[in-house]
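Undergrad: kindly generate the corresponding structure for this input.
(2 chains)
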Amino acid sequence: MPKTDYNEEMAFFVDMQRCIGCHACEMACAECETNGQESMIHVNYVDRAISTQTTVQVCMHCEDPTCANVCPADAIHQDDFGVVHSADTSRCIGCSNCVLACPFGVPKMQEQAELMMKCNMCYDRTSAGKKPMCATVCPSQALYYGTREEIERMRPDSVPVNSFLFGQQEVNTKVNIMMPKGTHQLIIE
Amino acid sequence: MSRLFRTLNRAAFFKALMASIVVVVLVLVGSRNLQNFDAALFAYLVGTVFAVFGIAYRYSVWLQRPPTRLYWKRSMQFLFSSMFFPYLYRSAKLFFRNILGQRFIAYRSRTRWIGHFMMATGCMLAFAITIPLTFGWINFELIPGDDVTYYAKIFGFQAFSFPLGSPMAFITFHGLVWCSILVTIGAAIMMRRRLTNGGLIATQTFSDDWLPLILLIAISITGLGISYDYTFLNGRTYQFMAVTHAVTVILFLVWLPFGKFFHIFQRVAQLGAKLYKTEGLRRGMAECPHTKKEFATKTHIEDLKKVSKKLGFDYSKKDGSNHLDLSPEGKRSALAKAHFEARKKSGKFFG
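TA: Numbers count the residues shown, from 1 in each chain, chains lettered A, B, ... in the order given. Got it, this is the predicted structure:
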């Protein structure tokens, strides 16, 4: 088995306001070998009728992942680094529970293959000490993978936040979102 | 030991015990009070009873999990409804296509499907041959006065016969040889994938991904060794071949409920998930409040709200709606909008 060289000092930082909708991350994501040439990242218009704003979404790798909890087949597991992996291909029964329960709208269902697939933070790369594909190609740094010190230096007016409130539910994640300084949680009404 | 008793799932233990007792009773009845039971296969029987106990125990614990229990209950409810015959027909069709044929794997990769199909078919055929033999349900006899015809008996009743040395005899006696060849080629294809696919190399583990393949090949090769021994070596190495084969098969049986092989039994749940979607479509679709598009069945969304709540996740909002009412795209947009508002409020979008 290959030696794992996951660098726990590195973290993922997302800033949707920087997304310019270029889809470079989608193309790069399809190069990730754990996805089998399928792009797992989402780029979509927020509300096309009134705005040209786009948003980008990677898996946030929740500390207590709803997707894994609602999976009836025990197909989703979280490793020791906190990475929530794509469904175990031998177990996934293609029920879509995870797709519909994820509060961030991340997992994708491959209908014919009856398999859920999702971003696993380019585990083939991150487990070898490299950066995820999407973060290496993002031209506006809406997606950034690096150390906390680096991001703090680059974005002095922002702070990484990894806590979200969806209705009554607080969700804490491994991936951070860049928020205005002084913010501790992103509340989704 | 005390931990074992403390964590013992009593309901599952009882069901597993019942399943094991049923197997033993079936052996006694099917072999006509052990009259047709082959004592040489006793170790295999012990392994099989243990496997049945373990599988029943794990399956029962698995069905107690809220999402699994819900799918199980819903599947039964939808199957045994006014749509019984159409759903039974549909499920039977899917059983042939997806369980026996594993066609869904072809959409993941064609080579992978070929490898898996060979491996699974070899295993299923081997089970179909060895389980009735081990249980004493099938036995072969020569009848006095006729030493050129072999009689096959099922549950003690004569079922069919064939002349010794005939093509039928060759195919029947080498049934497990064909299975071994299928399994070995299939497992080799899967091993090749695991050696060359970068994604698999990064995520695979020895116990979950390599050990099952090694074990299947070991069973097949040692099984072929028995045939090789009596065909070409006049049985000189029989004891060695028989013991090594028994060891690998019993290891497989004992490990069946714990490791990767348990997915064989979980896979049937795919039929339930399909039935759930079909009946859900009949009951109506849910529309995303953001995209205004249908994205899932109403039944699914409502069930998911209940299940996630049972699991400790409450996505309900103050206005009575629920975050799970949104489609995946709607959720991503809701997050982006909230982020936009927070940035706007701060007066700075960047930096």
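
Undergrad: now do the buried residues in the longest strand along chain A.
TA: Looking across chain A with DSSP state E, the single longest strand is strand A:169-180. Applying a neighbour-count criterion of 16 or more other Cβ atoms under 10 Å in any protein chain shown, the buried positions in strand A:169-180 are A:Q169, A:V171, A:T173, A:K174, A:V175, A:N176, A:I177, A:M178, A:M179, A:P180. For every residue, glycine as well, the C-beta is placed using N, CA and C.

Undergrad: distance to chain B added to those residues, as a markdown table?
TA: A markdown table is the format used below for those (distance: Cβ to the nearest Cβ, whole Å):
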| residue | distance to chain B |
| --- | --- |
| A:Q169 | 5 |
| A:V171 | 9 |
| A:T173 | 11 |
| A:K174 | 16 |
| A:V175 | 12 |
| A:N176 | 12 |
| A:I177 | 7 |
| A:M178 | 9 |
| A:M179 | 6 |
| A:P180 | 3 |
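
Undergrad: now A:A135. Nearest residue, chain neighbours left out?
TA: With Cβ to Cβ, 6 or more residues apart in numbering or on different chains as the measure, A:Y145 is the residue that lies nearest to A:A135, at 3.8 Å, once sequence neighbours are left out.

Undergrad: and the one you found, how close does it get to A:V175?
TA: A:Y145 sits 10 Å away from A:V175, taking Cβ to Cβ, to the nearest Å as the criterion.

Undergrad: who touches both of those two?
TA: When contacts are counted by Cβ atoms under 8 Å, 6 or more residues apart in numbering or on different chains, A:Y145 and A:V175 have A:A11, A:F12, A:F13 as shared neighbours.

Undergrad: narrow the residues you listed to those in strands?
TA: Using DSSP E, A:A11, A:F12, A:F13 are the members of the shared contacts of A:Y145 and A:V175 that sit in strands.

Undergrad: for the residues you listed, give me a markdown table that also has distance to A:K108 and pLDDT.
TA: Shown next, in a markdown table, are these (distance: Cβ to Cβ, whole Å; pLDDT from 0 to 100):
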| residue | distance to A:K108 | pLDDT |
| --- | --- | --- |
| A:A11 | 24 | 96 |
| A:F12 | 19 | 97 |
| A:F13 | 23 | 97 |
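
Undergrad: which of those are buried?
TA: Listed as buried from those are A:A11, A:F12, A:F13; burial here means 16+ other Cβ under 10 Å.

Undergrad: and which of these is nearest B:V249?
TA: For B:V249, the closest of those turns out to be A:F12, at 46.7 Å, with distances computed as Cβ to Cβ.

Undergrad: quick one: residues contacting the residue most central in space within chain B.
TA: The centre of chain B sits closest to B:I264, judged by Cα atoms, centre = their mean, with a distance of 1.2 Å. Applying Cβ under 8 Å, 6+ apart, one finds that B:I264 lies in contact with B:A120, B:C123.

Undergrad: secondary structure element holding it?
TA: Following DSSP states H and E, the helix or strand that holds B:I264 is helix B:263-266.

Undergrad: before we move on, what about A:R91?
TA: Following DSSP H and E, one finds A:R91 outside all helices and strands.

Undergrad: so which of the shared contacts of A:Y145 and A:V175 is the closest to B:N139?
TA: Nearest member of these to B:N139, counting by Cβ to Cβ, is A:F12, at 63.2 Å.

Undergrad: contacts only, for the closest residue in space to the closest one that isn't next to it in sequence.
TA: The spatially closest residue to A:F12, leaving aside those adjacent along the chain, is A:V175, at 4.3 Å (Cβ to Cβ, 6+ apart). Taking Cβ under 8 Å, 6+ apart, we find A:V175 in contact with A:A11, A:F12, A:F13, A:V14, A:V58, A:C59, A:M60, A:H61, A:M121, A:N162.

Undergrad: packing partners for the helix or strand where B:A56 lies?
TA: Using DSSP H and E, B:A56 maps to helix B:42-63. Using 3 or more Cβ pairs under 8 Å, 6 or more residues apart in numbering or on different chains; DSSP states H and E, the elements in contact with helix B:42-63 are helix B:10-30, helix B:66-79, helix B:110-134, helix B:238-255, helix B:263-266.

Undergrad: got a markdown table for those helices, with mean pLDDT too?
TA: Written out in a markdown table, the entries for these read as follows (pLDDT from 0 to 100):
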| stretch | mean pLDDT |
| --- | --- |
| helix B:10-30 | 96 |
| helix B:66-79 | 96 |
| helix B:110-134 | 96 |
| helix B:238-255 | 94 |
| helix B:263-266 | 94 |
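
Undergrad: the ones you listed: which one's closest to B:F349?
TA: Within those, the stretch nearest B:F349 is helix B:66-79; the backing value is 40.0 Å (Cβ to Cβ).

Undergrad: so what touches that closest one?
TA: Helix B:66-79 has contacts (Cβ under 8 Å, 6+ apart) with A:69-73, A:95, A:97, B:62-63, B:87-88, B:91, B:269, B:271-273, B:275-276, B:278-279, B:299, B:303, B:306-307, B:310-311.

Undergrad: in contact with the most centrally placed residue in chain A, which residues?
TA: For chain A, the residue lying nearest the average C-alpha position, counting by Cα atoms, centre = their mean, turns out to be A:C59 (2.1 Å). Going by Cβ under 8 Å, 6+ apart, A:C59 touches A:M40, A:V84, A:F104, A:V106, A:P107, A:K118, A:C119, A:N120, A:M121, A:V175.

Undergrad: so what's the backbone phi/psi at it?
TA: phi -70, psi 130 (degrees, to the nearest 10).

Undergrad: where does the closest residue to it other than its chain neighbours land in three-state SS?
TA: Nearest residue to A:C59 in three dimensions, chain neighbours excluded: A:C119, at 3.9 Å (Cβ to Cβ, 6+ apart). The three-state assignment at A:C119 reads coil, by DSSP: H, G, I helix; E, B strand; the rest coil.

Undergrad: just give the nearest non-adjacent residue to A:N176, would you?
TA: Once chain neighbours are set aside, the closest to A:N176 by Cβ to Cβ, 6+ apart is A:P160, at 3.6 Å.

Undergrad: returning to what we had before: of the buried ones among the ones in strands among the shared contacts of A:Y145 and A:V175, closest to chain B?
TA: Checking these against chain B with Cβ to the nearest Cβ, the nearest one is A:F13 at 12.9 Å.

Undergrad: isn't B:D325 right up against B:A286?
TA: Yes - B:D325 lies in contact with B:A286 (Cβ atoms under 8 Å); the separation is 7.3 Å.

Undergrad: mutual contacts of those two, please.
TA: Where contact means Cβ under 8 Å, 6+ apart, the residues bridging B:D325 and B:A286 through contact with each are B:I301.

Undergrad: which parts of chain A are helices?
TA: A:24-29, A:66-70, A:97-101, A:123-126, A:133-137, A:148-154 (DSSP state H).

Undergrad: now the second one, how far from the centre of its chain.
TA: Read it as helix A:66-70. Mean-position distance between helix A:66-70 and its chain equals 15 Å (Cα atoms, centre = their mean, to the nearest Å).

Undergrad: doesn't B:F140 lie inside a strand?
TA: Yes - if the criterion is three-state DSSP, then B:F140 is within a strand.

Undergrad: who's in contact with it?
TA: If a contact means Cβ under 8 Å, 6+ apart, then B:F140 has B:Y150, B:Y151, B:A152, B:K153 as its contacts.

Undergrad: buried only: go through those for me.
TA: With burial judged by 16+ other Cβ under 10 Å, the buried subset of the contacts of B:F140 is B:Y150, B:K153.

Undergrad: filter the contacts of B:F140 down to the ones in strands?
TA: Among those, DSSP E puts B:Y150, B:Y151, B:A152, B:K153 in strands.

Undergrad: show the model's pLDDT score for the third one.
TA: Read that as B:A152. As summarised for this prediction, B:A152 has a pLDDT of 89.
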